[in-house]
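>>> coords below, sequence missing:
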């Protein structure tokens, strides 16, 4: 379905009149926060895709059962209290008072259960959790229970995961949508209301303050705490894609925030007394190249190994980021300096060179098949990576077909398992925030169940499946660390993907915007415009 037709259907389904009764009233004195997001917003279903724009849209209008604070600690959000049985197989959750959807209907356990079931069919960590779930029920109007077949060690981490895909809570009628079809109605219970009649893909998205939202009492931290809204309206400028034009608009006061400042403009903003670069993340992001394991030649682990050996992280980081203080090479697929950070097996990339890559490719039996490498043209934070990748692959001896397209087209195409002659692909590059990939369960590349995997690329490896299942059941931290190292070494051995280094993505804002806090993402509550 095209974005335009999706919009028409969603606008018809959306209960505009009911929702706007809870929105901030129209006024000439409205406070409007104008944001330039990092990309276009085309997919409005944050469960259907892992794209961060869809996740950010989700945080505007939906709420979550739990959240993750700036230090990685799981804390309750929609949940008031919970208990765990002595055998760790029955979890009982009580919802806090005041939870209401934008259409005026209360949030019920049935909404929660349906939302979790749909999320569990698409998300890597959700899918892992539902391998343990026997059933869910609601013994009281404000309570739901999760029954497990056996104990697992990551219930709260799954329900409170802060990034793609987030277990957002939707009305049951919406959550009952097939997990492999996009939803057509956008009613949440979160701090903002989506203005469906003003949504124009490629132009703008508008969100109104939900005046009926009841925030928690705690200070905001990460995706936890009080979601207090101090502006009447947030407008996402989806059309302003040129990074120089973005900075000019920020300097003139035409926009208030640039979500992802172009690295070339870092020094300019740093020297401008009217602008700021607020800290919004404790941990940075990781660049990644993902193989399609279904299509030749990357169905051959030896060919993947040659590509890994060719991909010097410094080359990618220097070309894409350029500002030395903003990046660092790192051999850990689970992020350096985190609980499961590991270098096991990383020598093939971190201590390799082009001669090694060339020798590996010759020995692999590579037949000269051109590598279809997808390049996004409108996502400044990653758009140089494919050019570097194409150059390094060619130096190693690969033939490369570099195909340019906008990011949303790439997002749609990477989900398809088509052969190359039917529009398929071999490789794409992306970036993940640290919390998405530092857990051996949440990291989507650890799911190696082939076409049953929850993320594009569809790697197949039975040994990884066994290790991942053992990790899911482990409760001892030393044992979990040992298993994480074994998984890490195996991921390099079979070539699930290639990491391209870590970096910090600066955000730029005008000095009259206050209230920024560490979110490890892009969240727009607690902000004031003076």
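Nice, thanks for sending it over. Bear in mind that the values here come from a model prediction, so they are computed numbers and not experimental data. Residues are numbered from 1 along each chain as shown.
>>> So which residue is dead centre in this structure?
Nearest to the geometric centre of the chain sits residue 164, at 3.3 Å (Cα atoms, centre = their mean).
>>> Look up phi and psi at residue 150.
phi -150, psi 160 (degrees, to the nearest 10).
>>> about what we covered before: just give the nearest non-adjacent residue to the residue nearest to the centre of the chain, would you?
residue 50 (3.8 Å; Cβ to Cβ, 6 or more residues apart in numbering). Yep, even glycine has a C-beta here, placed from its N, CA and C like the rest.
>>> gap between that neighbour and residue 233?
From residue 50 across to residue 233, the span is 28 Å (Cβ to Cβ, to the nearest Å).
>>> And the two? Which one has more around it.
Shown here are residue 50 and residue 233; by other Cβ atoms under 10 Å, residue 50 has more neighbours (25 against 20).
>>> was I right about residue 530 contacting residue 514?
Yes - between residue 530 and residue 514 a contact is recorded at 6.5 Å, counting by Cβ atoms under 8 Å.
>>> Which one's more surrounded, those two?
Taking neighbours as other Cβ under 10 Å, residue 530 and residue 514 compare with residue 514 leading, 14 against 10.
>>> List the residues that contact residue 23.
Applying Cβ atoms under 8 Å, 6 or more residues apart in numbering to residue 23 gives the contacts 193, 195, 208-211.
>>> Could you report the separation of it from residue 522?
Residue 23 is 22 Å from residue 522, by Cβ to Cβ.
>>> do the same with residue 154
Look at residue 154 and residue 522: by Cβ to Cβ, they are 25 Å apart.
>>> just residue 76 next, same as before
In terms of Cβ to Cβ, residue 76 sits 23 Å off from residue 522.
>>> show me where pLDDT drops low in the stretch 51-200 of the chain?
Applying pLDDT under 70 to the stretch 51-200 of the chain picks out no residues at all.
>>> hey, where'd the strands end up in it?
Under the criterion DSSP state E, counting those that start in this stretch, the stretch 51-200 of the chain carries strands at the ranges 63-64, 66-68, 74-76, 79-84, 90-95, 133-140, 143-148, 168-169, 192-194.
>>> what's in contact with the first one?
With Cβ under 8 Å, 6+ apart as the contact definition, strand 63-64 has outside contacts at 77-78, 99, 159-160, 166-169, 188-191, 223, 227.
>>> Quick check: the farthest pair among these?
159 and 191 (19.4 Å; Cβ to Cβ).
>>> Look up which residues are beta-bridged to residue 148.
Note on residue 148: beta-bridge partners by DSSP bridges are residue 133.
>>> ok, back up a step: of the contacts of residue 23, which qualify as buried by neighbour count?
Using 16 or more other Cβ atoms under 10 Å as the burial test, these include 193, 195, 208-210 as buried.
>>> one step back: so which of the strands of the stretch 51-200 of the chain is the most surrounded?
Comparing the strands of the stretch 51-200 of the chain by mean neighbour count (mean count of other Cβ atoms under 10 Å), strand 192-194 ranks first with a mean of 27.
>>> And the helix or strand following that strand, what does it pack against?
Note on strand 192-194: by DSSP states H and E, the next helix or strand toward the C-terminus is strand 204-209. The contact analysis (3 or more Cβ pairs under 8 Å, 6 or more residues apart in numbering; DSSP states H and E) places strand 204-209 against helix 52-61, strand 192-194, strand 233-237.
>>> Against which helices or strands is the shortest one packed?
With contacts defined as 3+ Cβ pairs under 8 Å, 6+ apart, the packing partners of strand 192-194 are helix 52-61, strand 204-209.
>>> re the thing from before, unless I'm mixing things up, the residue nearest to the centre of the chain is touching residue 48, no?
No - with contact defined as Cβ under 8 Å, residue 164 does not count as touching residue 48 (10.9 Å).
>>> shared neighbours of those two, which are they?
Common contact partners of residue 164 and residue 48 (Cβ under 8 Å, 6+ apart): residue 54.
>>> Next, please give the residue ranges for the helices of the stretch 351-500 of the chain.
354-364, 385-396, 407-414, 434-437, 462-473, 477-494 (DSSP state H, counting those that start in this stretch).
>>> Surely residue 410 is in contact with residue 376?
Yes - proximity of residue 410 to residue 376 meets the contact threshold set by Cβ under 8 Å, at 5.2 Å.
>>> Could you find the closest non-adjacent residue to residue 428?
Nearest residue to residue 428 in three dimensions, chain neighbours excluded: residue 374, at 4.4 Å (Cβ to Cβ, 6+ apart).
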